[in-house]
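[1] please work out how this folds:
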Amino acid sequence: MNVYAATNFFTALFCSGPNTGEALRLDAVADLEGAPAYPVTMICRLEFVNALQQSVYSTRHGVPGIHITQEHAMAVEAMFFDELSAGKTLCDATMSERLLERRFQDLSHRHTAKEGFRTYDILHVSSALVLGCDTFWSFDAKARKLAEQEGPAVN
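    So this is what the prediction gives:
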């Protein structure tokens, strides 16, 4: 099992929220299966930081979901990057931008006009495929649908 986890998996894993229980269950499955560390791309790193800040914004404006203060968001961000630096559960994943772009364009041409996939859906699934992951975890139904159409097992 070689798992690519989308950013929403990591926010659920590192923050208390509606998908935290399922993220913890999936993480335990990966551990039992002896899966390697989750690959974390630059896209995922950037999106994780912004997702935390969006959660702070949402908290301040009464939007349901993850409730987090700025201080807690900064602590979670530091914990995430500490885990990434340690390389045991998260690992820095780099890939050829050219390969990613080709895969992205292929998926977009084959699927978006028919099913309306968003850029991040395609970026995450393309990254998983370029990295050779056989499993794709996300709490976004559209991203899971695209991954499933392309072959990886999904949560």
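
[2] which helix is the longest one in this structure?
    helix 42-60 (DSSP state H).

[3] list the contacts of A6.
    Counting by Cβ atoms under 8 Å, 6 or more residues apart in numbering, A6 touches 44, 124, 136-140, 143. To be clear about C-beta, it is placed using only N, CA and C from the backbone, and glycine gets the same treatment.

[4] buried ones among the residues you listed?
    The neighbour-count test (16 or more other Cβ atoms under 10 Å) marks 44, 124, 136-140, 143 as buried among the contacts of A6.

[5] let me know the closest of those to D106.
    H124 (14.8 Å; Cβ to Cβ).

[6] any idea how far the helix or strand hosting that closest one is from the chain center?
    Taking DSSP states H and E as the definition, one finds H124 inside helix 119-130. Centroid separation between helix 119-130 and its chain, computed with Cα atoms, centre = their mean, to the nearest Å, is 10 Å.

[7] which residues sit against it?
    Outside helix 119-130, the residues that reach it (Cβ under 8 Å, 6+ apart) are 4, 6-7, 39, 41, 43-44, 47, 93, 95-96, 99-100, 103-104, 107-108, 111-112, 136, 138, 140, 142-143, 146-147, 150-152.

[8] right, I'll leave it there.
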